[in-house]
Structure formats: C-alpha cells, structure tokens
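Novice: I would like to see how this sequence folds:
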Amino acid sequence: MKLIKHISNNSSRLLLFFAGWSAAPELFERLQAEEGMDVIICYDYREMVFREDLSRYREIHLIAWSMGVRMAELALGGKWDLASATAVNGTPRPIDDACGIPVDIFRGTLENLDAEGLRRFNRRMCGSRDLLARYEETPPRTIEDVRQELQCIYDICHVSPKPDAAVQPTAISWTRAIISTGDRIFPPANQRNYWNGRCPITEIDSPHYPFHLWKQWNEL
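Specialist: Numbering: from 1, shown residues only. Below you'll find the predicted structure:
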C-alpha cells in the first residue's frame, strides 16, 4: 500500500486513516486531526504490506472507510494498541451477501470496470450531482491502477461464507461504526447485520462518501 504522511517531530498522537478503493489520497488531505496529532493516509491496496513503525505514538486513533476497514485489519492485525478504531461505511467482511457488498454486485463492478463504469460507481457513491462534482475536482487515479486494485481486493477478501460468520472474532477491536443511511455501495442493512452487538453504531444522513460532513460526524 501507499502512504501519505503529515508528521511533526514532537507529536505522540496519530490519526491513521485507511481510504477506500479507487480513492485518490488528495481527497483526504483536508481532513483535520486535533492539534498536536500526526496524520497518515493509507491507500492503493495492490500490495498489502504496512511497514510503518508506529511505536513512538502513545495514542493511535484509526479511522477506516469502506474497503479500508478490511484492509486496516489485514495491515495492522493486533500489532498496535489503538486508542480508538472507527469503521465508516464498511465491515471486515466487505464481499458478503449478508454483511458487506453482495458478491454478484462486486463481481459485476470488477468485470465491467472501465472509465464509464467507474463514473457510475462514483455517482452511486456520492449520491448527488453537487457532491460528485466536488469529488471529481480531485484528479483521479488511472483506470488501470484502480482495476488492478479492485482485483487484488477481490482476491484477498472473497471467501466462502461461514455459518458462524456473525460471531467470528476480528483482528481489530473496533470502538465505533458509522453507517450512512443513504449508502448505495455497502447496504446499510448489511452493515447493521455485521456491527449490531459488536460496537456502538452511529447513523448519519449521507451517501457512501461522507467526508463533506467530516467535522459533524467525527465529533458525534
């Protein structure tokens, strides 16, 4: 994976952010951490290796969005103690008929991914013309890059459903899940299926891409 860092010499607190599939990292450069916190943005999951040494931080606050939820689990596992871990519009079972994106829909996106297919995905993700226009102000990653990334995610995450999937332990102790009620990528009902009973849930009125409301939901 790739990282963008905003690091100061003296900070002992970190906001660690895992982006979703296909997202350009510049979309999240405007995320504001609390004063005195470093920020690391992780994206592009074609290679699932996390080499960053986080041992200097006394507090690590994880926020993972969409496919980044499962990618954070694979990258971090139980290696680092987290002060908080927030999952946003995603689950650790991202390709799953009951707890993630339905398998046939994910395969359809993968098999038909071209420039127009990616634009259709972005329209569903953003939910409105205004938000889509703002999202598309950031130069996109190349279609070949995001196609390769989606194939890698499918290869990593598509597993046969298990009868006891609802009670399987996860690699991260998630402290909160945020679910957008207008999410057209990860069905809200499937997110609830996964998170109910696992951690507190906050529901917000937003499409799958909720970062235009960053300050509001981050402070809830």
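Novice: residue boundaries of the strands in this protein?
Specialist: 2-6, 13-18, 37-43, 59-65, 84-88, 176-180, 201-204 (DSSP state E).
Novice: Would you mind extracting the C-alpha trace of the fourth one into PDB?
Specialist: What that stands for is strand 59-65. Extracted as PDB, the C-alpha positions of strand 59-65 are listed here (Å, rounded to 0.1, in the frame of the first residue of the first chain):
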ATOM      1  CA  GLU A  59      -2.100   7.200  21.100                       C
ATOM      2  CA  ILE A  60      -3.200   5.800  17.700                       C
ATOM      3  CA  HIS A  61      -6.700   6.700  16.500                       C
ATOM      4  CA  LEU A  62      -7.800   4.600  13.500                       C
ATOM      5  CA  ILE A  63     -10.400   5.700  11.000                       C
ATOM      6  CA  ALA A  64     -11.100   3.300   8.100                       C
ATOM      7  CA  TRP A  65     -13.600   3.900   5.300                       C
END
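Novice: Compute the inter-axis angle for that strand and strand 13-18.
Specialist: If you take axes from the mean of the first three to the mean of the last three Cα atoms, to 10 degrees, strand 59-65 sits at 20 degrees to strand 13-18.
Novice: buried ones in strand 59-65?
Specialist: Within strand 59-65, the residues that qualify as buried are 60-65, counting by 16 or more other Cβ atoms under 10 Å. Where C-beta positions appear, they are placed from N, C-alpha and C, glycine not excepted.
Novice: Please produce JSON lines containing the residues you listed, extended by pLDDT and distance to Lys5.
Specialist: Below are the buried residues of strand 59-65 laid out as JSON lines (pLDDT from 0 to 100; distance: Cβ to Cβ, whole Å):
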{"residue": "Ile60", "pLDDT": "96", "distance to Lys5": "14"}
{"residue": "His61", "pLDDT": "94", "distance to Lys5": "15"}
{"residue": "Leu62", "pLDDT": "96", "distance to Lys5": "15"}
{"residue": "Ile63", "pLDDT": "95", "distance to Lys5": "15"}
{"residue": "Ala64", "pLDDT": "97", "distance to Lys5": "17"}
{"residue": "Trp65", "pLDDT": "97", "distance to Lys5": "18"}
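Novice: if we can go back for a sec, Arg120 is nearest to which of the strands of the chain?
Specialist: strand 176-180 (18.5 Å; Cβ to Cβ).
Novice: so what strands line up beside that closest one?
Specialist: The strands beside strand 176-180 in its sheet (DSSP bridges) come out as strand 84-88 (parallel), strand 201-204 (parallel).
Novice: Mean neighbour count, those: which tops it?
Specialist: With neighbours defined by mean count of other Cβ atoms under 10 Å, none of those is more surrounded on average than strand 84-88, at a mean of 24.
Novice: what comes into contact with that strand?
Specialist: Under the contact criterion Cβ atoms under 8 Å, 6 or more residues apart in numbering, strand 84-88 has outside partners 61-66, 69, 72, 172-178, 195, 199, 210.
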